[in-house]
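model the following, please.
(chains A and B)
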Amino acid sequence: MTAQAARVSKKVVLVGNPNVGKSVIFRLLTGSYVLVSNFPGTTVEVSRGKMELGGLSYEVVDTPGVNSLVPQSEDERVACQILLREKPDVIIQVADAKNLRRTLLITSQLVEFGIPMILVLNMIDEAEERGIEIDTQGLSEFFSIPAVETIAIYSKGRKQLLGAIQNVGKPNKLAALYPKEKIIEALQSLATPPMLSIEWLAEGDRELIRTNVELQGAAGLASLKKAREGHKAAGHGSLEKEIGDARGRLLDRLVELHKKKRQSRFLQESGVFKKIWLALLFCGVVLFAWNEAGALLRFQTPFTLFLQWLAGKFGQPSGGLIETVLLGINSAGRFEYGIIPEAIHFLLFIAPIMIPLGVLLSRSRSFAYEFGIFSRKASTGIPILIGVLLLLYEFVGYTGAQTLVGLLEKVLFGQHVIPYLRALIPAGFFAELMVGKYGLISMGLTYAIGIVLPVVGTFFIAFGLLEDSGYLPRLSILSDRLMRIMGLNGKAILPMVLGFGCGTMATMSARILSSKKERLIAIFLLALGIPCSAQLGVMLGMAAGFSQKAMLIVIGVVFSQLLLVGYLSSKLLRGKPSEFIFEIPPIRTPQLKNVVLKTWYRVQWYLKEAVPLFLVGTLALFALDNLHLMGQSLLSWTQKALEPIVSGLLHLPVESAGIFLLGFLRRDYGAAGLYDLARRGMLNGQQVVVSMIVITLFVPCLASFLMIVKEQGMKRALAITGFIVPFALSVGTVVSWILRTFDVQFH
Amino acid sequence: MENKISEEVAEVLETVWTLQEKGIVTLDSVVSNAATTVSDELLGTLSREGLIEVEGSRSVRLLPKGLQMAEKIIRRHRLAERLICDVLGSHVEESEAAACEYEHLLAEGITNSICTLLGHPRYCPHNKPIPEGDCCRQARDELKPIVVSCNQLSVGETARVAYFSTHEHTRLLKLSALGISPGTSLKLIQKWPAYVVQCEETEIALESEVAQNIYVWQTPQE
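As a prediction, the model looks like this:
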């Protein structure tokens, strides 16, 4: 089909509940070409793609998930706006066939628009497994719209859907859907969508009312108001309540007529298959626990035995490139980052759990279902959570922060790129700027690409897997009580966990919280004490040289301060927490394609957003170091100015003053500076603990600060920073004093 | 005949009943607790009608006829409290005063209708027992469902949603968008650390306050 033939363009809009496979259907229709953009004036993302069918070209719009078209969130409002403003030619409602009543609520709202529409009952296999039988034909006839059963991830039902798009017609009028309801008369003269418009008006949804007026004129609004008042004046109850009741009766009747529930099949699924893999998973967990406990309590484990055997075999490396890359032995003769130790690490820690888990989740529905139950109960959920966190640590803290950082920073940059460039560029200002002490490449790029990227990258992969599996909402249940202490509810755990990835992204995601008070507290706590993965990775690397005690003290202090500050701010700030009503999606096998795409988008975002800041930061440091005032560089002046605090109160070396300054540009940048100091032997155990606490509690990085300004306004952003800086320094001072007074040793 | 008893008589009978729940009833305690002035004349009327018996000057006892009457008054009062608390969503303290007004107005038939509407509750909002009416006994025999708050269900139990006792429209919309609305059935599947209910095939986590505000028809076990 040529481009000329496909000139007429029609618009298809996808609408549906969250987690029903809308984006899978979207990809099924449009292929790969997608344009993701924010809906004007909001941060809600809307994907658009193109499709050609029967000589026509279609624009396909994927709207954010909605539970109802009477909006309770920004996402739902955007979906309504798209339906009103973009005047689609076809609406495709994508639905989870298991949840018929919720589906039909949206169907009953969509038909009001009078636009040709299709009902897609997706995941029909899951419904069947649970013994749910749906009379698709009956529903189709009732609304007079095509209804298609699909299993989108296997492309089942695609042909029927494409056929339906070409033969779609207008749905039945309201009078035909609600034959016995009296309110229909009152709605007859109103503009579309009549029932929804009344509900929007009753909810006082200014934005949608305004849109309605824009599209229908002020007369439309006046007639809505008149209908509501007229209805009351005629001695009836409120019109919106009667609309809600009428809808409820319609849904009851439809569910009663068109849905049958039999015994669910999938839980009786038998099989040696499941048992074998369960046994393997059990062995994997035992092996993992053995390795972890050994690392903590210092006894022999398969991992240490393997490494010893390896050291015996290749004890004296020649220092050649291949050997360095493969073994990664440091000057102390320990394996630090080699590919072979990493392979052993992967085979002993990650693979024994992830492989059986992946097989079970993808092949056994009953396992996925049971796993969902176990991970939300307190008794089993907390051990599972600890396991998840340890796995996350193994992947981000070892594979990312040790192996990948070692290979990139030490081998690639440290042994090859930088020496090569140093030899290439003639000594002078330019060489200093690029590869000097505070060089753009030797410091800026090395930190950004060599240290932070591998850590952030591995975290994004892990977070993508957790996100896609549906595990995270279960964390909300487990953490609800804890978050309540801080004036938040379980929902707030999501931005907090994301904060361990990237504080800036997390600050933005605090929008999912419903009340202003909660958003402020969450953003405040993120700025105060949640280290991002880059910073965390660097800190873990630093702590690896010291005892576990150091890390435990850091975690304990930071966590207690978070609780304390959260508790106080929940008492001091006015407003009440929003209620906790939260849908828990089923556990599903993560779609690798999805995870890869998400990670890729996030890494891209990191490269675009953070790397320039790294370079600016290095440049600023370079300038401070090279501009001289009265015989001394500005850097040493700044360090002098901060000296009373840094060495007087915190008892840290003077150099760390510059590092705290850097910490404002990127926290991890500051942490990386500390790492450097520690590695050069300039920090003792106590100083490592104090500096890690201060850099964790210290101001958010520049990017998060700008995001806080955007979300909460300049005044609040300054107030938050104004609290955090002295607070972080005081906590550091107290901890430093305690450690010195009691002469706590770490080694 | 019942309707004709004066408010003072009803007040005294109610006081004696309430005190009896706590222990021994003395004349002094009746005088100090009744919401009306207990004159000798009033006490005389009560004894003459065969409603109460005053033994010596200390102890007061309800006679069978008085007992029957007091039971009905108490039942009306406590049902009215439940009605005001659960359906109208008022506070427990507020319900008390209003219930005092209602108890004199409700006829027997209406009392039973309210009792049925509320699902034959066994306790008032202050956790005192509500005397059973004919309707309760009948309902129990027929194994009719009763209305309880969602957090009173035990884990694994399925029930149909009766009504919500909240005025927050936003909460109602949120719940109904997730599929919880009067008439739909839900299953309580977890109570701690947060409530989790299953509605159709969706699992929904709720904080305890929200769960408490959802009233459901409980199907009694055997």
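
let me know the helix or strand that B:Ala159 is in.
In this structure, B:Ala159 is located in strand B:158-164 according to DSSP states H and E.

then that strand to CSV, C-alphas only?
Extracted in CSV, the C-alpha atoms of strand B:158-164 (Å, rounded to 0.1, in the frame of the first residue of the first chain):
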residue,chain,number,x,y,z
THR,B,158,-17.5,-13.7,51.2
ALA,B,159,-20.3,-11.1,51.6
ARG,B,160,-22.4,-8.7,49.6
VAL,B,161,-21.9,-5.0,50.1
ALA,B,162,-24.9,-3.4,51.8
TYR,B,163,-24.0,0.3,52.2
PHE,B,164,-21.1,2.6,53.0
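
which parts of it are buried?
For strand B:158-164, the neighbour count (16 or more other CB atoms under 10 Å in any protein chain shown) marks B:Ala159, B:Val161, B:Ala162, B:Tyr163, B:Phe164 as buried. From N, CA and C alone the C-beta is placed, and that goes for glycine too.

let me see the mean pLDDT of that strand.
On average, the pLDDT along strand B:158-164 is 85.

show me what that strand packs onto, helices and strands only.
helix B:169-177, strand B:185-190, strand B:214-218 (3 or more CB pairs under 8 Å, 6 or more residues apart in numbering or on different chains; DSSP states H and E).

what angle separates it from helix B:169-177?
Between strand B:158-164 and helix B:169-177, the angle comes out at 150 degrees (axes from the mean of the first three to the mean of the last three CA atoms, to 10 degrees).

mind listing the strands strand B:158-164 pairs with, and their directions?
When pairing is defined by DSSP bridges, strand B:158-164 lines up against strand B:185-190 (antiparallel), strand B:214-218 (antiparallel).

identify all contacting residues around stretch B:73-84.
Residues outside stretch B:73-84 that contact it (CB atoms under 8 Å, 6 or more residues apart in numbering or on different chains): B:10, B:13-14, B:17-18, B:90, B:92, B:94-96, B:98-100, B:102-103, B:106, B:111, B:114-115, B:117-118, B:121, B:124-126, B:128, B:130-133.

what of stretch A:624-639?
A:Glu432, A:Lys437, A:Tyr438, A:Leu621, A:Ala623, A:Val646, A:Val654, A:Glu655, A:Ala657, A:Gly658, A:Leu661.

roughly how far does the last one sit from chain B?
In other words, A:Leu661. A:Leu661 sits 42 Å away from chain B, going by CB to the nearest CB, to the nearest Å.

can you give me phi and psi for the residue nearest to that residue when sequence neighbours are not counted?
Distances taken as CB to CB, 6 or more residues apart in numbering or on different chains put A:Thr638 closest to A:Leu661, at 6.6 Å, once the chain neighbours are dropped. For A:Thr638, the backbone dihedrals (degrees, to the nearest 10) come out as phi -60, psi -40.

for stretch A:219-235, buried residues please.
Neighbour-count burial for stretch A:219-235 flags A:Gly220, A:Leu221, A:Ser223, A:Leu224, A:Ala227, A:Arg228, A:His231 (criterion: 16+ other CB under 10 Å).

B:Gln198 falls within a helix, correct?
No - with DSSP: H, G, I helix; E, B strand; the rest coil as the criterion, B:Gln198 is strand rather than part of a helix.

what sits closest to it if chain neighbours are left out?
Leaving aside its chain neighbours, B:Gln198 sits nearest to B:Lys187 (4.5 Å; criterion: CB to CB, 6+ apart).

per-residue confidence for that neighbour?
Looking at B:Lys187, its pLDDT is 92.

so it makes contact with B:Val197?
Yes - applying CB atoms under 8 Å as the test, B:Lys187 and B:Val197 come out as touching, 6.5 Å apart.

out of those two, which sits in the busier spot?
Neighbour tally, B:Lys187 and B:Val197, criterion other CB atoms under 10 Å in any protein chain shown: the higher count belongs to B:Val197, 26 against 16.

in terms of pLDDT, where does that one sit?
Listed pLDDT for B:Val197 reads 94.

same question, A:Ser23
84.

which of the helices and strands packed on strand B:158-164 is buried the deepest?
Burial among the helices and strands packed on strand B:158-164, expressed as mean neighbours by mean count of other CB atoms under 10 Å in any protein chain shown, is greatest for strand B:214-218, which shows a mean of 23.

what comes into contact with that strand?
So strand B:214-218 is in contact with B:86, B:119, B:145-150, B:152-153, B:157, B:159-165, B:175, B:180, B:186, B:206, going by CB under 8 Å, 6+ apart.

re the thing from before, save the buried residues of strand B:158-164 as a markdown table, and put in distance to A:Tyr675 too.
Formatted as a markdown table, those follow (distance: CB to CB, whole Å):
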| residue | distance to A:Tyr675 |
| --- | --- |
| B:Ala159 | 58 |
| B:Val161 | 57 |
| B:Ala162 | 61 |
| B:Tyr163 | 60 |
| B:Phe164 | 55 |
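
name the nearest of these relative to A:Ile106.
Closest approach to A:Ile106 among the buried residues of strand B:158-164 (CB to CB): B:Val161, at 19.7 Å.

could you list the buried residues of stretch B:18-31?
B:Thr18, B:Leu19, B:Val25, B:Leu27, B:Ser29, B:Val30.

could you identify the most distant pair in the residues you listed?
Most distant of these, by CB to CB, are B:Thr18 and B:Leu27, 15.1 Å apart.

where's A:Glu467 relative to A:Phe367, distance?
Using CB to CB, to the nearest Å, A:Glu467 is found at 20 Å from A:Phe367.

confidence score at B:Glu94?
71.

once you drop chain neighbours, what's closest to it?
What sits nearest to B:Glu94 in space, not counting adjacent residues and going by CB to CB, 6+ apart, is B:Ile84, at 7.3 Å.

can you name the element that comes right after the lengthiest helix in chain B?
Ranked by residue count, the top helix of chain B under DSSP state H comes out as helix B:64-82. Downstream of helix B:64-82, the first helix or strand assigned by DSSP H and E is helix B:92-102.
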